[in-house]
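Student: generate a structure from the sequence data that follows.
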Amino acid sequence: MLQVNFIRENKETVLEGLAKRNFTNAATIIEQVLTADENRRATQVELDTTLAESNKLSKEIGAFLKSGEIQKATILKEKTGQLKERSKELSDKLTLFSDELQTLLYQIPNIPHTSVKQGVSADDNEEIFKEGVIPDLGEHALPHWELAKKYDIIDFELGTKITGAGFPVYKGKGARLQRALINYFLDKNIEAGYTEVQVPHLVNAESATATGQLPDKEGQMYHSNEDDLYLIPTAEVPITNMFRGNLMQESEFPILCTGYTPCFRREAGSYGAHVRGLNRLHQFDKVEIVRIEHPERSYEALDGMVEHIKNILRELKLPYRILRLCGGDTGFTSALTFDFELFSTAQDRWLEISSASNFETFQANRLKLRFKNKEGNSEFAHTLNGSSLALPRVLAGILENYQTADGIKIPAVLVPYCGFDMIGS
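Tutor: Just a heads-up that it's a prediction; the model follows:
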């Protein structure tokens, strides 16, 4: 959530940033924000003045009663009664204006970083890096869903029977490879200085709101009506909310956390060949990295996250590229996002496997996550997160790019985790 003071003091900058996102009715909603804020502040001033006057009169009443001047005290009591009624009216108005302002602010996405280009969709994203060799598999290469069936390692039909489409069952060496990837990703993150955490897989509405999933992505989340809890779409939500409401010291920076969780996304309206197999699921595994950083060092930290993910993909020897997302494709809460995509040779297409993002103060404002700066003043921290990595498409890439006539080779770095070096018939 943008800070209203920032909007008020940088109106043109905000409008320019929202234009990069193709945010409709930006000028209208910004004016509504400023009007609601002006009404809120004016009401707050009047309420404070009224309460101060009431307190002053209360002291005078006490003095009159003490001196026996009952008539004067009675007159002032009538005035204080009127002031209390006015205070109640103003307090109710203040709540209405504050709620209106909050509702408006929730509708406004983050302002993109200056390096973000204007664009409408994923077609306008910038490729900034590419690495790795795309294997020549020949004309008989199979997509991962056919390989999964051939070697009986993932059963999509069984998952549909148990739950529905988008909930696969991993079997045998497929399950072991999945577990190997989770452990490998966690170990790499821990080696890089991240502290492993295990967090709840359900969160309350306050947590989902604090990281920006609500109200923006409510339709994409599974919700338990009876308990009013949400299944997490990413470990970013519970991990980041570990720090909700904290007041940190500068000496505590940086905070680095990593965690594995299953993730649940409704993905409403997703159909077609491009979401077949592991390409898009309702339940999938992901290892996440989250950082809480000093504002002056958050973009250096983002660069470090990008290099960290690069190193993992280099060890896996998978061909990949990095995209800097344009304004129209950047997530609601992010100021700058780099997407990682690996090349699926059998499908002849790029598959997104990770996003690394800096949210600057956008999440911290909702989280009320602050720190004391050198001057002793309170500032919002910067939050960052990245997938390190999302498993389904990484697994799909390994199955497809490592396939041979004899079976599927296991990347050398994963063999110690798997306990085998080949998936064969």
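Student: pretty sure I111 sits against Q3.
Tutor: No - if you go by CB atoms under 8 Å, I111 and Q3 don't touch, sitting 10.8 Å apart. Every residue, glycine included, has its C-beta placed from N, CA and C.
Student: pick out whichever of these two has more residues nearby.
Tutor: Legend: neighbour count by other CB atoms under 10 Å for I111 and Q3, higher for I111 (23 against 15).
Student: my read is that L399 contacts E146, right?
Tutor: No - using CB under 8 Å, L399 is not in contact with E146, being 9.6 Å away.
Student: between these two, who's got more neighbours?
Tutor: L399 (27 against 15).
Student: report the contact partners of that one.
Tutor: Neighbouring residues of L399 by CB atoms under 8 Å, 6 or more residues apart in numbering: 144, 147-148, 408.
Student: just want the phi and psi numbers for G386.
Tutor: As for G386, its main-chain torsions (degrees, to the nearest 10) stand at phi -160, psi 160.
Student: leaving out sequence neighbours, find the closest residue to it.
Tutor: For G386, ignoring the flanking residues on the chain, the nearest one in space by CB to CB, 6 or more residues apart in numbering is A356 at 3.6 Å.
Student: that neighbour sits in which helix or strand?
Tutor: In this assignment (DSSP states H and E), A356 forms part of strand 349-360.
Student: which strands and helices lie in contact with the helix or strand just after that strand?
Tutor: Next helix or strand after strand 349-360 toward the C-terminus (DSSP H and E): helix 362-367. When contacts are defined as 3 or more CB pairs under 8 Å, 6 or more residues apart in numbering; DSSP states H and E, helix 362-367 sits against helix 205-210, helix 236-241, strand 382-390.
Student: pLDDT on the helix or strand following the first one, on average?
Tutor: So that's helix 205-210. Once the chain leaves helix 205-210, the next helix or strand it forms, by DSSP H and E, is strand 223-224. Averaging pLDDT along strand 223-224 yields 96.
Student: now do the domain split for the chain, please.
Tutor: With domains defined by the TED database, the chain comprises 4-106, 122-423.
Student: kindly reformat those domains as a markdown table containing distance to S115.
Tutor: Formatted as a markdown table, the domains of the chain follow (distance: least, CB to CB, whole Å):
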| stretch | distance to S115 |
| --- | --- |
| domain 4-106 | 11 |
| domain 122-423 | 7 |
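Student: and those domains, which is most packed in?
Tutor: domain 122-423 (a mean of 18; mean count of other CB atoms under 10 Å).
Student: and for stretch 73-93, what's in contact with it?
Tutor: Contact with stretch 73-93 is made by 43, 46-47, 50-51, 53-54, 57-58, 60-61, 64-65, as judged by CB under 8 Å, 6+ apart.
Student: now that stretch: mean pLDDT?
Tutor: 90.
Student: what's the answer for stretch 105-120, then?
Tutor: 96.
Student: just the strands in the stretch 251-400 of the chain please.
Tutor: With strands called from DSSP state E, counting those that start in this stretch, the stretch 251-400 of the chain shows them at 255-264, 283-293, 320-324, 336-344, 349-360, 370-372, 378-380, 382-390.
Student: just the contacts of stretch 73-93 now: which is nearest Q178?
Tutor: If you rank the contacts of stretch 73-93 by distance to Q178 using CB to CB, T43 comes first, at 56.0 Å.
Student: how about T261: which residues does it bridge to?
Tutor: Under DSSP bridges, the beta-bridge partners of T261 are K286.
Student: tell me what the longest helix along the chain is packed against?
Tutor: Longest helix in the chain by number of residues (criterion: DSSP state H): helix 26-67. Helix 26-67 sits against helix 4-9, helix 11-20, helix 70-106, with contacts defined as 3+ CB pairs under 8 Å, 6+ apart.
Student: can I get those helices in TSV with distance to H223?
Tutor: Formatted as TSV, the helices and strands packed on helix 26-67 follow (distance: least, CB to CB, whole Å):
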stretch	distance to H223
helix 4-9	29
helix 11-20	29
helix 70-106	18
